[in-house]
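J.: could you look at this predicted model? Sequence included:
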Amino acid sequence: MIGRSFFFILLSAALAPFVFGQRTPTEIVTLEKKAVTPERELILWMKNPKKTPRDPEMEIYTCPEETRGHYYNGKAYVSLVNTKTKKVINVLEIKGSEVTGDGEALDLPYLIHRGYYDVPEIDENREGKPVLMNLKDYNDDGRAFEFALYDAVACMGLETTLIGYSPKRDRVIQYQTELKTGDKTFQKYWVDYFFPHRPVKKMFWQYEIDYRGRGGAIDKYEIRYDQEKEKFFGTLKFETGDTNQIQFKITK
């Protein structure tokens with residue numbers, strides 16, 4: 001179901017530090033390839049991942065399985081390739097969520113039911129191969145060059161990150177968000193529930209998450225995209241109140 005090959009990107013010197021000179025055999029699992037322009041292609045792959053199928057006895061997905069399903073665990077990379085010259089322009093090592101992991105390894109589904117990821121075809125178990133690099137205009141700059149990844153913490157909590165092609169730099173990048181909360185400022189690659197939302201106005205997002213039923217607060221986000229810096233900037237405020245008055249909502 002998932003292509004496994006070294007193909008031409010492993011012949012490039014750009015990947016030599018990742019592949020050659022290892023004491024143990026290196027297995028490269030190619031998850032997807034997606035063209036972003038006539039001469040640029042993104043390749044999503046993992047190195048020596050651990051394959052973890054779901055328990056066949058479990059029909060109902062747990063909350064974390066909603067973003068995992070049957071999954072590979074390990075370090076994940078995206079290569080930007082010049083399809084005309086067959087050369088790798090750059091290789092991005094995707095930074096994992098600090099909330100759900102060690103900041104390095106990712107859980108990426110190879111078989112899952114429809115939900116956070118687009119699944120064009122499903123089997124008798126209502127599962128299929130997800131489209132992980134579902135390119136859309138997530139940063140609202142008018143170009144559908146980005147894809148989002150999701151990581152469910154539990155039944156509440158959804159870490160999200162954005163990866164895409166930067167024509168300005170001619171590189172594949174993982175977008176960062178500078179998030180201010182109170183007197184602290186954080187540089188984050190993963191932001192809670194961010195990328196299921198659409199902007200409320202040009203390059204500006206505003207949404208809230210109600211964690212009060214779990215002993216928390218209402219998390220209120222305001223985030224804007226700086227096209228020149230290719231970075232998100234935002235604030236996070238916490239408010240408490242009546243749990244019956246405000247519910248979690250996603251802006252469509």
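T.: In hand now; what should we look at?
J.: which residues of the stretch 51-200 of the chain fall in helices?
T.: In the stretch 51-200 of the chain, no segments count as helices under DSSP state H, counting those that start in this stretch.
J.: which residues does residue 160 bridge with?
T.: residue 150, residue 191 (DSSP bridges).
J.: burial measure for it, as a count.
T.: Using other CB atoms under 10 Å, the number of residues around residue 160 comes to 22. (C-beta placed from N, C-alpha, C; glycine too.)
J.: against residue 146, how distant is it?
T.: In this view, residue 160 and residue 146 are 12 Å apart by CB to CB, to the nearest Å.
J.: could you do residue 165 as well?
T.: Going from residue 165 to residue 146 by CB to CB gives 8 Å.
J.: more neighbours: which of these two?
T.: residue 165 (25 against 22).
J.: show me what contacts the more buried one?
T.: 36-37, 40, 42, 80, 145-146, 171-173 (CB atoms under 8 Å, 6 or more residues apart in numbering).
J.: can you rerun that using 7 Å?
T.: By CB atoms under 7 Å, 6 or more residues apart in numbering, the contact set of residue 165 is 36, 40, 42, 80, 145, 172.
J.: tell me the pLDDT at residue 172?
T.: Note on residue 172: pLDDT of 98.
J.: can you count the residues close to it?
T.: As a burial measure, residue 172 scores 25 neighbours (other CB under 10 Å).
J.: what is it paired to in the beta sheet?
T.: With DSSP bridges as the rule, residue 172 is bridged to residue 165.
J.: from memory it sits against residue 88, does it?
T.: No - checked against CB atoms under 7 Å, the pair residue 172 and residue 88 is beyond contact range at 10.2 Å.
J.: if we ignore the residues flanking it in sequence, what's nearest residue 114?
T.: residue 122 (6.9 Å; CB to CB, 6 or more residues apart in numbering).
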